[in-house]
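> the following block contains a protein sequence and its predicted model.
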Amino acid sequence: MKKRIGLSRIGRIILSKEEKRYVSSPNIIIPIKRSLINMLDFLEEFEEHPIFLISNEIFLKKSFLRAKFKQNEFLYTHYGTLEKFHDILGEYKDVFLEDNIIGLIPFNNPTTVMNKEFAKREVEYHIKISQELLIKNPKLNFGITIKLFGYAELVNLYFPLIQNNPNVKILNFGDLFEYKRNFRKVLQVIFETRKEVDQNLLFMVSGKVLPKSYPVLIYLGFDLIDSSYMLYLSSENFYDTIENLSPIHKMQYFPCSCCACKGKLKKLASDKFSKEKVEQLALHNLITAKNQMNKIKQFIKTEDYRNFVEKSSMNDTNLMSMLKCVDHQYFEEIRYETPIMQEIKPIVSIGPSSYYRPDFQEYREEIIKNFEPEPWTKLIILFPCSAKKPYSESKSHKKFLDVLHKFKEFPDFQEFIITSPLGVIPRQLENIYPVNSYDISVTGEWDAEEILIAQEMLAKIIMVYNSEIPIICHLPKEAYHEIVNNVMSTLPNKVYFSEVDNSVTSYNSLKSLENLLIKCKDKFNTSDLPKKSQYHKSWIRKFVKILDYQFGKGIGIALFSNEVKVYPNKDKTHINIRDVDSKKIVGVFIKKSGQLELSIYGSNKIKDLIKSTHFIVFDGENISGNTLFRPGVINFSDDLKPNNFAFIWNQNKEEIIGIARMLVGSPYIKNSSTGRIAKIYEKKKK
């Protein structure tokens, strides 16, 4: 499984190594009914679908399923009593074993309203019977249906059952989203469960779930979504367009071109009592659900999935509220589950729902924690952002830099770019993710939240500099001046605004900037850089701060204590960093990701500084293969994140024997005993 933004993931969970059976995630589960299986269009549309749900005993007849569906996975449940499910399981046990059918233990209670004490007794009874089933059938795989009746705290009762039975493979939340108006309790259940159970379990949701909510559900970590609710909606004559549910008789223009809509459905739409209409409507609604899931998988693989989630939630206030709540209240949990960067995926910020997405918050947190002033800084300069990334390649910033490069003191100048929604960007970090990837609609008008984000971040950054360092602002008036004035009203630094004539790139504006530089460059005296210092070089300055950003304060200066040379490759996609004395590669900067990959040689130079961070202790002295699996890990730090780097130490933690890019974060390693942990890009030679 590969982690994606939020709690989403893509890949497959192995159910049986011997039988080579697995379930791919994310996916929808298609219900099989007699009426559907007799439809040729249904068979053609879903014959190769990965996973189905059956609830009729007739489909358990020997070889019936495999005659029609040879490579598919099946869940079986029963919509009656748990005792009847137990009897059916006993009668068809051989079929369950031979066809690898997963028994989804049902929790069917006709009472929907009950007090907490009664609900607790129902849950405890369900757990007791489920425990007996699991112990009696150790060779069968099962799914557990979790019902809470609106009481989020009851989820804790299920954890011992899940933790003590290795044949539990699926957790099916049966009624969780019937209470989605109380979205805080829904999120409480999801995050508490994730802390307590094996990360290799499949999270499934069933009940009243519409396709428009699928993107948010996958973002929240659900692997499987039961689409059976679409059959109920069809029986009630509802036509799903994803954006909306409409009574079929009101549909004049059919936006779908599925086989049902191109076939008889339009003609049957006005029939009041038509079995065929319901069947065709069910086919359309299931195809709609399947197409929505295909969109999700496509976005997860090739696009910015968070952007898709935001857009999909915009016409449902409950989904919007849930997303906001995750961003604000569960960031500390989600930051170790979501990749710190996504390659070749531009980020489009569509408004307030984007401001606190986890990768944006991660950037702000790491800057505040790890960025520290260069000791030779004599002047701070504030610039506006640009549409082109990195900023220094834009027309406007090239003009700014032309002015700055006129001064031999240029390395003593600290540039910051003010932008929304990220906040503040040091020039040295303009090449990292998400700074190198984001885009936002620009009108010149900032809302109050955008101003607050930039304002708070600028204040925290300026605060760590000497209060006597002057600040030059070369900014358009608009919101930029409001941000600076609000910040500087609380800080003692002197601020100088350039005179912007028409635009910040006009001749007069740039001349004003140059005059301010002449006026202010000698106002603050500090230790000068040695004339031959390698820190005069822009890329070295960048690499120092990128390393600090990735691994912590002081790492960059420590690594470059010896002189280094940089060598771009032929395609200029990588920059190799070589130690001048030893001639060995210290690391490689990857331009598309904005990350600096350290070599084992480079890592061992700073091993005393990184011993307590970003580490994995390997159960051995030498690593075989290019993938690190969970059984090979005997210890790890709690700050590991997907797509970030990890230093792999030998079992005595005396030497770094490998460098890896994480596939998962620390929470996964903590709550799992199997699975892939990291891809190793360099290892110690035997």
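In hand now; what should we look at?
> for Trp539, give its distance to Ile14.
Distance, Trp539 to Ile14, using CB to CB, to the nearest Å: 44 Å. (Glycine included, C-beta is placed from N, CA and C.)
> same deal with Thr573?
35 Å.
> can you check Lys683 too?
25 Å.
> okay, these two: which has more neighbours?
Lys683 (20 against 14; other CB atoms under 10 Å).
> how near is that one to Thr81?
56 Å.
> neighbours of Phe46, just the number please.
21.
> buried ones in stretch 173-185?
Within stretch 173-185, the residues scored as buried using 16 or more other CB atoms under 10 Å are Phe173, Gly174, Asp175, Leu176, Phe177, Glu178, Tyr179, Lys180, Phe183, Lys185.
> again but with stretch 98-110, I slipped
Of the residues in stretch 98-110, those buried (16+ other CB under 10 Å) are Asp99, Ile101, Ile102, Gly103, Leu104, Ile105, Pro106, Phe107, Asn108, Asn109.
> how far does it stretch from one end to the other?
Counting by CA to CA, to the nearest Å, you get 33 Å between the two ends of stretch 98-110.
> again, but for stretch 666-674
Note: stretch 666-674 ends 14 Å apart using CA to CA.
> any idea which helix or strand in the protein has the lowest mean pLDDT?
helix 64-68 (a mean of 67; mean pLDDT, DSSP states H and E).
> now the residue located most distally from the centre of the chain. Nearest residue, chain neighbours left out?
No residue in the chain sits farther from the centre than Lys519, which is 47.0 Å out by CA atoms, centre = their mean. Distances taken as CB to CB, 6 or more residues apart in numbering place Tyr496 nearest to Lys519, at 7.4 Å, with adjacent residues excluded.
> now the helix or strand the one you found falls within, how far from the centre of its chain.
Under DSSP states H and E, the secondary-structure element containing Tyr496 is strand 495-497. Offset of strand 495-497 from its chain centre (CA atoms, centre = their mean, to the nearest Å): 40 Å.
> please apply the same query to stretch 253-268.
36 Å.
> how long is it from one end to the other?
From start residue to end residue, stretch 253-268 stretches across 14 Å - CA to CA.
> now that stretch: average pLDDT?
Throughout stretch 253-268, pLDDT has a mean value of 91.
> tell me which residues in it are buried?
Quick answer for stretch 253-268 (16+ other CB under 10 Å): Phe254, Cys256, Cys258, Cys259, Ala260, Cys261, Lys264, Leu265, Lys266, Leu268.
> does the fourth one touch Leu265 like I think?
No. The pair formed by Cys259 and Leu265 falls short of the contact definition of CB atoms under 8 Å, at 9.2 Å.
> show me which residues of stretch 245-253 are buried.
Applying 16+ other CB under 10 Å to stretch 245-253 flags Ile248, Met251 as buried.
> let me fix that: stretch 79-92
Buried-residue list, stretch 79-92, by 16+ other CB under 10 Å: Leu82, Phe85, His86, Ile88, Leu89, Tyr92.
> show me the contacts for the fifth one.
In other words, Leu89. By CB atoms under 8 Å, 6 or more residues apart in numbering, the contact set of Leu89 is Phe96, Gly103, Leu133, Asn137, Leu140.
> distance check, it against Tyr438.
52 Å.
> now do the second one
In this structure, Phe85 and Tyr438 are separated by 51 Å, where distance is defined by CB to CB.
> what does the third one give?
When distances are taken as CB to CB, His86 and Tyr438 turn out to be 54 Å apart.
> ok, the residue nearest to Lys519 - how many residues close by?
Neighbour tally, Tyr496, other CB under 10 Å: 19.
> which strands and helices lie in contact with the host helix or strand of Gln414?
With secondary structure defined by DSSP H and E, Gln414 is part of strand 413-419. On a contact count with 3 or more CB pairs under 8 Å, 6 or more residues apart in numbering; DSSP states H and E, strand 413-419 meets strand 379-384, strand 423-426, helix 448-462, helix 478-488.
> low-confidence stretches in this protein?
Per-residue confidence for the chain (pLDDT under 70) gives these ranges: 16-20, 62-67, 70, 111-113, 344, 528-532.
> what's the domain layout of it?
2-235, 371-518, 611-686 (automatic domain parsing).
> how far off centre is stretch 474-484?
Using CA atoms, centre = their mean, the offset of stretch 474-484 from its chain centre is 33 Å.
> report the contact partners of the closest residue to Asn237 other than its chain neighbours.
Of all residues not flanking Asn237 in the chain, Ile248 sits nearest, at 4.8 Å (CB to CB, 6+ apart). Listed by CB under 8 Å, 6+ apart, the contact partners of Ile248 are Asn237, Phe238, Tyr239, Leu265, Ala269, Lys277, Leu281.
> 7 Å - rerun?
Counting by CB atoms under 7 Å, 6 or more residues apart in numbering, Ile248 touches Asn237, Phe238, Tyr239, Ala269, Leu281.
> would CSV of those residues with neighbour count and distance to Gln361 be doable?
Listed next are these as CSV, based on neighbours: other CB atoms under 10 Å; distance: CB to CB, whole Å:
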residue, neighbour count, distance to Gln361
Asn237, 18, 44
Phe238, 17, 38
Tyr239, 24, 39
Ala269, 21, 47
Leu281, 27, 43
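> how many neighbours does Glu279 have?
23.
> wait, I meant Thr443
7.
> ok so it is a helix residue?
No. Counting by DSSP: H, G, I helix; E, B strand; the rest coil, Thr443 is not found in a helix; it is coil.
> and it, what are its phi and psi?
phi -120, psi -10 (degrees, to the nearest 10).
> distance-wise, check it relative to Glu478.
From Thr443 to Glu478 the distance is 10 Å (CB to CB).
> on the C-terminal side of the lengthiest helix in the chain, identify the next helix or strand.
Of all segments of type helix in the chain, defined using DSSP state H, the longest is helix 275-302. Downstream of helix 275-302, the next assigned helix or strand under DSSP H and E is helix 305-312.
> got the contact list for that next one?
By CB under 7 Å, 6+ apart, the list of residues contacting helix 305-312 reads 4-6, 8, 212, 215-216, 219, 299, 323, 347-348, 350, 353-354, 357.
> state the pair within those that is farthest apart.
Comparing all pairs in the contacts of helix 305-312 by CB to CB, the longest separation belongs to Lys212 and Ile347, at 22.6 Å.
> quick one: residues contacting Glu449.
Pro352, Tyr355.
> let me know the helix or strand that the residue nearest to Glu333 when sequence neighbours are not counted is in.
Sequence neighbours aside, Phe191 is the residue nearest to Glu333 in space, at 5.7 Å (criterion: CB to CB, 6+ apart). Using DSSP H and E, Phe191 falls within helix 183-196.
> just checking: what are the partner strands of the next helix or strand after that helix?
Note on helix 183-196: by DSSP H and E, the next helix or strand toward the C-terminus is strand 202-205. Next to strand 202-205 in the sheet, as set by DSSP bridges, lie strand 168-173 (parallel), strand 224-226 (parallel).
> so which of those is the most packed in?
strand 224-226 (a mean of 26; mean count of other CB atoms under 10 Å).
> how far off centre is the next helix or strand after that strand?
Moving toward the C-terminus from strand 224-226, the next helix or strand (DSSP H and E) is helix 229-235. In terms of CA atoms, centre = their mean, the centre of helix 229-235 is found 32 Å from the chain centre.
> mind listing what's buried along stretch 391-408?
For stretch 391-408, using 16+ other CB under 10 Å, the buried residues are Tyr391, Ser392, Ser394, Ser396, His397, Lys399, Phe400, Leu401, Val403, Leu404.
> and the residues you listed as JSON lines, adding secondary structure and distance to Asp304?
Below are the buried residues of stretch 391-408 laid out as JSON lines (DSSP: H, G, I helix; E, B strand; the rest coil; distance: CB to CB, whole Å):
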{"residue": "Tyr391", "secondary structure": "helix", "distance to Asp304": "20"}
{"residue": "Ser392", "secondary structure": "helix", "distance to Asp304": "24"}
{"residue": "Ser394", "secondary structure": "coil", "distance to Asp304": "21"}
{"residue": "Ser396", "secondary structure": "helix", "distance to Asp304": "25"}
{"residue": "His397", "secondary structure": "helix", "distance to Asp304": "24"}
{"residue": "Lys399", "secondary structure": "helix", "distance to Asp304": "30"}
{"residue": "Phe400", "secondary structure": "helix", "distance to Asp304": "29"}
{"residue": "Leu401", "secondary structure": "helix", "distance to Asp304": "29"}
{"residue": "Val403", "secondary structure": "helix", "distance to Asp304": "35"}
{"residue": "Leu404", "secondary structure": "helix", "distance to Asp304": "33"}
